[in-house]
Structures are given as structure tokens and as C-alpha cells.
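> Dropping a prediction and its sequence here:
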Amino acid sequence: MSAVMQPEKRAEDAIVSIRGLTKTYANGFSALKGIDLEIRRGEIFALLGPNGAGKTTLISIVCGIVNASAGVVIADGFDNVREFRRARARIGLVPQELHTDAFETVWATCNFSRGLFGFKANPEHIEHVLKDLSLWDKRNDRIMTLSGGMKRRVLIAKALAHEPSILFLDEPTAGVDVELRHDMWNVVRRLRERGTTIILTTHYIEEAEEMADRVGVILKGKIILVEDKDVLMKKLGKRELALHLNAPLSAVPMALTDLNLELQDNGSVLVYRFDAGGEATGISRLLNRLGAESIQFHDLKTSETSLEEIFVNLVKERA
Amino acid sequence: MNWLAIAAIYKFEMSRWFRTIGQSVASPVISTSLYFVVFGAAIGARMGEIEGISYGAFIIPGLVMLSILNESIGNASFGIYFPKWSGTIFEILSAPVSWGELLLGYVGAATTKSMLLGILILVTARLFVPYQIAHPFWTVCFLLLTAASFSLFGFLIGIWADSWEKLQTVPLLVITPLTFLGGAFYSIDMLPSPWREITLFNPVVYLISGFRWSFYGVSYVPVGYSVAAIAAFLMSCVLIARWMILSGYRLKRH
Ligand SMILES: Nc1ncnc2c1ncn2[C@@H]1O[C@H](COP(=O)(O)OP(=O)(O)OP(=O)(O)O)[C@@H](O)[C@H]1O
Ligand SMILES: [Mg+2]
């Protein structure tokens, strides 16, 4: 993963650069409160946040669907308001809602999208995109005859029709079955291999864990964290060692209270928590001292916190 | 200029029309034919000539204008209202398209449809009444100007409307009275005094008068006024449309 190998990427590597972005809706609600964010060229960036955090608002402003109240967005070097033509031609958007035409065919709607973005017709490219998304057999079908998952693919195909270098996917896998979700992950990975920068939002944290190079967390209109996914997992992730004791304990022995221990399952399981990133885990010290206390166990298990738990904890902390 | 985008929108709008070509064309043609049967043949037979023209021939320009106004408004307002309603507008808003290009695509398509329809109605009318056209160049000019300006007006209504009711009622409440009171079926001279003057504030009077002049060389208001009135109306609509699109009025989430 290039993002990990070169942690000190310079600002000119940013393909999308957002500065001081705010949005106050007409009813006075402040949906974005000063967003600063840089998306690196070629990465998959996952934007996480609970319902109503402002993910869709942020994406909509970058794509020109919603006007910002203040702030600047630079896409591939172009201001998205003053140089909207050049900025927008580089951006593709798959919206959260399934907004598609009904009577048009898949083929027609994709060609429409390409023309709309100012690109000359290119049937080979559209064919390639449709095949990539397993939509080729459906090309002559009217969109209204397709299932929800297929419509989602049509929206992706439309967004890719003009070969954007930046692709926004607003919850691409919402309401999509497991198989289709894995298909979609593969599509996204292939796009990234070809150099497309991808910004996606999702409520499935495992999705971000699986795919993202970097993760950003937005909460109540503020970005509270941006981090390489691997670094984040190391920094905030906790690991656990669970020891299944031969004889249950009623309390953690006095001599061991300086260690990060907890009893579970009526005292039959002793849990030791330690930092996932640290070199010195303290496990051998723990085992030695358990031996000194004559505490015996018959089984042991280690586990790691998932990104999901990290995310839930973060949101809980800040809420 | 993003010509490819204009072409894409134009083609999209035209194919929408051709998909339902039967409905799109049949209903105005049938209703115009009915007007001829009722007003031209049945009533017209008992009416004298107006300004030296048979009643059947007299009402043709007005009828064509009536259809063009209705079709332009109906078509253009639906064309932009529907993507707003269905949500597909997001793609238009996110595209590298300027306000002028948006207008050219949507309003251009609606204008084309209305022009085609106007010509079709003129051909249908020929089956009932053997009319002559004195100034064909101006006939085309008036057709084009009217179709374009009222398509634009319809486009504005489509942006403004935030419910299907509003989309339907504005044409019904505003346009139908204006057209019926615009001298389609009578000469303004025939009105009693206060109404005759009040009528002059109705823009449709200028349209129909000018259009009728291009057929028969007679007009109630000077032709120059008619051209000026349509041009002024067109320009106002362009300016309002520009403001609406640039500010995102009822197009974007605010
Ligand atoms: N037009 C509007 N007027 C007023 N408030 C709005 C408007 N649109 C969105 N909001 C509010 O702005 C906040 C952010 O909405 P947004 O759609 O960006 O959230 P989100 O992070 O995408 O949520 P979700 O995960 O549910 O999609 C929400 O509280 C929402 O209620
Ligand atoms: Mg959202």
C-alpha cells in the first residue's frame, strides 16, 4: 500500500483539497462546520460517520449539487466553482439514493451521461464499463425493469461513463446483497489499480477495513479524525488475551491489580488488554506473575478490536 | 461551449417525446380539428367576415398560437420538473454545463416540438380552410419566437413548481384565460370600450395579432409592437432562468 510506504506525502499529491468548508441550510441547520480535508491521488478514502453527520452534504458540495456557505474545494487543481467545467469533468458521482431514469435503456443512459459531461461518444469505453459491472447483458433493458442492486450498478456505470479521475461513492453497498457487495469491492479495487481516486462513504465498517487506504471520521459536521487505516488500527486498536481459568476467581488478586486485568463469565475468564501497536505486550510478565500466584488456566485466546469497535468508541467519546 | 452536453439533453428530451409520439401529436391535432368543426364550420357559417377574412380563416392563426402556447409550456415545464421530482436532476447539476447550455438543451427541444406541432396544425387546418400566407418568413419568425419564449416560460414554471398541482394549475389559471382573451376567436375591435384597452396589457394579444398579420396582412396592433413584445418577454424569461439556475433556486437543496 503506497500510502503506508510513503507516509510523508506532500500537499501537491492531494487530488481533492477542501478548505474551511461550511454549510448552513436555509432552515438554519449547520450541517458542515469548517471541513478541512485532503484526498490523496490514487487512494481509496473511506468517510465514516453516523446518520446525519454530513457525509452526503460534503460530497454534494464537492460535486456541485449543493452550494457551500463558505470555503474552497479544489478538484484536480481546479476550483469547483470558478473553474466548474474543468473540475466537474474530472469527477464522477454515485449518489446515495437510486435516482435513475425509468424508460431509458442502460445503454442510452450511459451514453447520455458521457455526452452530458462533454465527452465524445465512445462505445468501446461504455461497453467496457458495462462488462466490468456485469451489466452487458442488460444493456438493452429499460432501467425500470432492473432490480435495486442492478440500478445501483447502472448509477456506477453512468458515473464512470466519462472516465473520471475522482469517483465519489455515497454508500455504494447500501441494500446490496453479500455477493454483489463483494463484486462491487472488486470493481472499486480495479478502478483504483487504473489510477482512479475513490472516496466512499459507508455504514459497513468492515467495508472500510477491507478496502480503504485511509479513513476519515465525520461527526456532527466536523472531521474528527483522518488517518491511514493501518496506523489507525494500530493506534486505537486494543488486543485482548483471554485466559480460561481452572478455578474461578471472585476478584482480581491484590498482587495483580497493577495490570490491566478484568474478570468475565463469573470469574472463570481473566481478560488482559494491551495496545495492539506496542512492542512490549507484557504477556510473559503476566504469565510469570500468574504462575507466582498459582493461578492456572486450561485455554487461552487472543483477539483484536475491529475498525467497527474503534469507530463506535470514537463516536461515543465525542458525542 | 459544451455542445455535446447540449446535444445529449436535446436528444434525451426529443426521444422522450418520440416515445409517446401518438399522444404528443394526436391530442392537439384532434382538438384543433374540433375547433374547426365547431367554430369554423358550425358557428363560422353564421358569422360575417372579420376585417375581410372568413371566420374560419380568421381563427387559424389564433388556434395555432393557442396550441403552441399550451404545448410549449406543458412540454418544457414537465421536462425540467420531472428530473427534479425523480431525483435524476443530480446528474445535470453535477455536470460541467453552464446555465445557457442547460437552456439551449431543454428549451431548444421544447421549441422544436412546438414548431413541429404548429406546422402539423397548419397542415391540418388546410384540410378545413384554404387559407393563404402573405408573409411566410414572418410566419416562421413568429412561430419560432413564440415557441421559444413560451418554452422558456414553461421551463421557469417547471423550476418554480414544487408539486404536480402547481405544475398543472399555472398553465390552466394563467395561460388559458390569457389565450382565450387574446383575440384568438374575435377581433379586439369587437370588445366594448374598457375591455378593449385592458386587453392591450395581455401579451398574447400581440402574439396573435402579429401572427395573424403574417397570414392576412391585417393586424390590430402594429407588427413592430408584436415583435418587440415577444422579444421583451423572451429576454425577461432568459434573465429569470439565468438567475434560477445560477442560484440553484428550487433545483438544489438549500
Ligand atoms: N435541505 C436540508 N435542509 C435542512 N437540513 C438538511 C437538509 N439536508 C440535510 N440536512 C441535514 O443535514 C445533516 C447532514 O445530512 P447528510 O445527508 O449530509 O448526512 P449523512 O452523513 O449523509 O447521513 P446518512 O448517513 O444518513 O446518509 C442532517 O442532519 C440532515 O438532517
Ligand atoms: Mg448520506
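Cool, the structure landed. Ligands and ions are numbered 1, 2, ... in the order given.
> now residue B:184: how far from residue A:250?
Computed as Cβ to Cβ, to the nearest Å, the residue B:184 to residue A:250 distance reads 98 Å. Where C-beta positions appear, they are placed from N, C-alpha and C, glycine not excepted.
> From start to finish, how long is stretch A:47-66 in a straight line?
18 Å (Cα to Cα, to the nearest Å).
> ok, whatever residue of the stretch 51-200 of chain A ends up closest to ligand 2 to chain B distance?
The stretch 51-200 of chain A approaches ligand 2 most closely through residue A:56 (3.1 Å), counting by Cβ to the ion. Between residue A:56 and chain B the distance is 9 Å, computed by Cβ to the nearest Cβ, to the nearest Å.
> Restricting the selection to alpha carbons, write the one helix or strand that residue maps to to CSV.
Taking DSSP states H and E as the criterion, residue A:56 maps to helix A:55-63. Listed in CSV are the C-alpha atoms of helix A:55-63, where the atom choice follows Å, rounded to 0.1, in the frame of the first residue of the first chain:
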residue,chain,number,x,y,z
LYS,A,55,-21.3,12.9,4.5
THR,A,56,-23.8,13.4,1.7
THR,A,57,-23.7,17.2,2.2
LEU,A,58,-19.9,17.2,1.9
ILE,A,59,-20.0,15.1,-1.3
SER,A,60,-22.8,17.1,-2.8
ILE,A,61,-20.9,20.3,-2.4
VAL,A,62,-17.8,18.9,-4.0
CYS,A,63,-19.8,17.7,-6.9
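> What are the buried residues along the lengthiest helix in chain B?
Taking DSSP state H as the criterion, chain B has its longest helix at helix B:55-86. Using 16 or more other Cβ atoms under 10 Å in any protein chain shown as the test for burial, helix B:55-86 gives B:55-85.
> If you drop the residues flanking it in sequence, what lies closest to the most centrally placed residue in chain B?
A centroid search over chain B (Cα atoms, centre = their mean) returns residue B:69, at 2.4 Å, as the residue closest to the centre. What sits nearest to residue B:69 in space, not counting adjacent residues and going by Cβ to Cβ, 6 or more residues apart in numbering or on different chains, is residue B:150, at 5.2 Å.
> And whatever helix or strand the one you found lives in, what does it pack against?
In this structure, residue B:150 sits in helix B:136-160 according to DSSP H and E. If you count contacts as 3 or more Cβ pairs under 8 Å, 6 or more residues apart in numbering or on different chains; DSSP states H and E, helix B:136-160 packs onto helix B:55-86, helix B:99-128, helix B:164-170, helix B:203-216, helix B:223-247.
> Using a markdown table, lay out those together with distance to residue B:42.
Below are the helices and strands packed on helix B:136-160 laid out as a markdown table (distance: least, Cβ to Cβ, whole Å):
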| stretch | distance to residue B:42 |
| --- | --- |
| helix B:55-86 | 10 |
| helix B:99-128 | 12 |
| helix B:164-170 | 30 |
| helix B:203-216 | 22 |
| helix B:223-247 | 30 |
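> which one of the ones you listed lies closest to ligand 2?
So among those, helix B:55-86 is nearest, using Cβ to the ion, at 18.4 Å.
> so what does that closest one touch, helix or strand wise?
Applying 3+ Cβ pairs under 8 Å, 6+ apart, we find helix B:55-86 packed against helix B:3-19, helix B:21-35, helix B:99-128, helix B:136-160, helix B:164-170, helix B:176-180, helix B:203-216.
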